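# Only the shape, not the letters, is given here:
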């Protein structure tokens, strides 16, 4: 497939007319052809008008049609073959194997939503029979969930496939029956164009209205702001920085008709190192933890940026091993100059805090955008007193907070901001402490994991990649896993509808053979 | 039970120290004893601190314990007997029979949530088995929904029982495991105190922490603002005016940690009078519609404030009957002087619009706070052009919009704001037109009903009392029906948790015998 540097507005390819930009190879600083131009608000208007025009037709497609459509996007991504992987590698410096894995995950995600569509539970079909003899008589009431409307999706910098143009937000919105207007991340415009053209072709091949998918490109905030402010847009998916998410939330809340923004923003992902686990396998935990910290140059929303442990000899052994392991880790190439600069700024700010010790550093390397892993240490008292240590430093940086006892662990937890994950390293002897921690963790995080590391987000039914603010803007939701679909649905109730006008999902006799809740009983009636 | 004029802060009764106010009998203008005093932000702080302190204990109660607790509140309300009905009647001028019905609905609502708790589907238990052989291995992942935290509930003026201190918001929040801090509506402080004391006693009788329920009282905005701004509060339930809802949304969005506001605000509830239905039974529809319009002096969120019909002889007959029916209807006593003044202001504003005809009026009566039913008429063109006609006038006022043809009906619908309900009066010959209308209606409203009237909201599984903004602040939710509970839950995922630390709902062997989604299959595994 040829990259032309154009945006995709419905069935057309259009060149932007504002600021020119390029994908940049962060490992070399080289510009990557072709040139891209930033779109205008007129481009956004056209994309949104097409999405609005497509909506009623698209949401009326059968779940089977949408499932087939999602599968054809998945197949199209795979058919791009090495071209996609190479371009993504050039634009992000992420390793080839990682990108191949991410492609598999992205295609698998689309196919999982196809399965969810066929299963049909997503519709939430609910029926309450009429009770004509009751005083007052009860009417016949039926409920289903329908698509909310066109959705704006903002690609993330750190997952050029799985959280970008055909990522989880797009997959779940399209599954729900919502047209998507994507804003490509300017750090990987070529990858975005390749993926966008796959979706554009899948729309055409399925005979769907062209407005089901558009993709704008651009640097700066104007085009993204215009997209969120557009009256046709009914919800927003975003993965990125706290500042970026808050800015979009402000735009969305200031609209004449406010809309939900699902922003996944900021998390330092505390890891609790409980004493018995450290006693039994502290050195192994230390090595694996450092591996997790530097994986992908620490550029994961679930990167372990905070370690909490109780002082004592077991911690001393862990600490020594962790320092040694980190000291051997080379710097790595970050995704963009901007992300690299923010990392250096964040590390410099932490380094200035008195009472926070820079305990170990990785190996410096040459070349642009190199981030050297770094390991800080402080006490619980100091951590609690200084909020600068609570801020996410996106990249391979972590802070070990040493607590006096288990109660202090719980205390610190209560003062944390909302998080995507919390990890507990615990052996059987730690379970009493873990049991005390759990209620505090449930209030703070979306996912609690034991004896693993947070940097791996399974796409499945039970996943929650979400959490209290500022981890996300909406703690009731997840951006990964099948329930991500729920974000783009709303319930509608039908009272005493004539049989011929009832939606398929709600007709007598259950022609779609759905799970339905009928008079409070779940079944196939 | 004695009314003392105190607020209920946890287990204590406390007198406010700010502005004094009274319940007012709107039929006479008389003050009703006892005097109430407005609470302070310190009172709010105490109530919220108690709620926060109670939260972990309360959310850890079993669903059975909470079900029993809700049932004891229902029984307590019923045990108040005539005292409650009489006080509510004095404070609101709502008829005794209506209030008895509303009490039944309020108790029934509490009992329905008890049933939902016992059923257990609300927990959304979801399990994905570990796949240790896969590359990479999949961990064991389990998800459940838990309570979001303490909830602020604002009582509505127009349902002193069903949407007030022990109404749907409180019932669903308590069912979810959230402590509640209620702000009583100042128009019925005595009713609120009676109901609040029932809940306070139920908390004590169940041995629950006192902070599970508090109720503050007051006039003015300060105490409500403080409540929504309080860091312990995690969600807000509100039923009332658009201005009131927007003000609370602003407070909630401006917090360091924003929280969801579930505000049910403003709706004019279009009624579509299709030609065949008017032909066959236009006079009956006219009479029933006018009855629905003046029911409860029009003080329902679902009051039919907009009628849409196609010009022609059938409409002429409907119109004549409707005018006659309305002309015979007496004015009625509104809930409060403020609501009455707003109604008069709204009618006066409509009356000034050129092109909007005041076609019929009800019979004037003497006494304070009397609202005379009124029926306006205009054309589709004029309605579309002047947004003043789209605003809710809370009370017995409606506007008939005459359209040229069925296409115009759909056009007008596309320009409406979000609504709680839309009603379609249609006979078999109208179904082709109705089928064209339905997609437009689905996008605008929470509930679509045929051949009935919108002023009756069943408490059941399939109900949606919600809809797009400004009908509500959150179109994904309902404030009536069992799924109202979902508003106060958030998902948490547990990865590789040791068996002894897993929540009951997620344990192997399904000890609670819940419906669970296991590896994508719904069942009891």
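Arrived safely. Remember, predicted model here, so these are calculated numbers, not experimental data.

# What parts of the stretch 201-350 of chain A come near chain B?
Neighbours of chain B within the stretch 201-350 of chain A, by Cβ under 8 Å from any Cβ of the partner chain: A:249, A:253, A:257-258, A:260. Where you see a C-beta, it was placed from the backbone N, CA and C, and this is true even at glycine.

# how about those, which pair is most distant?
A:249 and A:257 (14.9 Å; Cβ to Cβ).

# And those two? Which one has more around it.
Neighbour totals were compared for residue A:249 and residue A:257, and residue A:249 leads with 23 against 14 (other Cβ atoms under 10 Å in any protein chain shown).

# Now that one: which helix or strand?
helix A:242-254 (DSSP states H and E).

# quick one: that helix to helix B:242-254, angle?
Between the axes of helix A:242-254 and helix B:242-254, defined by axes from the mean of the first three to the mean of the last three Cα atoms, to 10 degrees, the angle is 180 degrees.

# Could you give the average pLDDT over helix A:242-254?
Helix A:242-254 shows a mean pLDDT of 97.

# Check which helices and strands it is in contact with.
Helices and strands touching helix A:242-254, by 3 or more Cβ pairs under 8 Å, 6 or more residues apart in numbering or on different chains; DSSP states H and E, are helix A:222-229, strand A:235-239, strand A:261-264, helix B:242-254.

# Redo those as CSV? Include distance to residue B:399.
Formatted as CSV, the helices and strands packed on helix A:242-254 follow (distance: least, Cβ to Cβ, whole Å):
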stretch, distance to residue B:399
helix A:222-229, 31
strand A:235-239, 32
strand A:261-264, 35
helix B:242-254, 18
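
# of all these, which lies closest to residue A:91?
Nearest of the helices and strands packed on helix A:242-254 (Cβ to Cβ): strand A:235-239, 16.9 Å.

# per-domain residue ranges of chain A.
Following the TED database, chain A resolves into domains at A:8-130+A:139-265+A:476-487, A:270-450.

# Highest mean neighbour count out of these?
Of all these, domain A:8-130+A:139-265+A:476-487 has the most neighbours on average by mean count of other Cβ atoms under 10 Å in any protein chain shown, namely a mean of 22.

# start to end distance for that one?
Taking Cα to Cα, to the nearest Å, the first and last residues of domain A:8-130+A:139-265+A:476-487 lie 25 Å apart.

# Relative to the whole chain's centre, how far out is it?
In terms of Cα atoms, centre = their mean, to the nearest Å, the centre of domain A:8-130+A:139-265+A:476-487 is found 12 Å from the chain centre.

# residues from the stretch 1-150 of chain A in reach of chain B?
A:56, A:60, A:115, A:119, A:121, A:126-128, A:136, A:138-139, A:141-143, A:146, A:148-149.

# before we move on, the earlier item: nearest to residue B:197, out of the domains of chain A?
If you check each of the domains of chain A against residue B:197 by Cβ to Cβ, domain A:270-450 wins as the nearest, at 30.2 Å.

# first to last residue in that closest one, what's the distance?
Taking Cα to Cα, domain A:270-450 runs 12 Å from one end to the other.

# on that earlier part again, who touches the helix holding residue A:249?
Residues outside helix A:242-254 that contact it (Cβ atoms under 8 Å, 6 or more residues apart in numbering or on different chains) are A:154, A:221, A:224-225, A:228-229, A:236, A:238, A:258-261, A:263-266, A:392, A:470, A:473, B:249, B:253, B:258.

# Leaving aside the residues adjacent along the chain, what's closest to residue A:389?
The shortest distance from residue A:389 to any non-neighbouring residue, by Cβ to Cβ, 6 or more residues apart in numbering or on different chains, is to residue A:383 (5.3 Å).

# ok, back up a step: let's see which of the residues of the stretch 1-150 of chain A next to chain B end up in strands.
The strands, defined by DSSP state E, take in A:126-128, A:141-143, A:146 from these.
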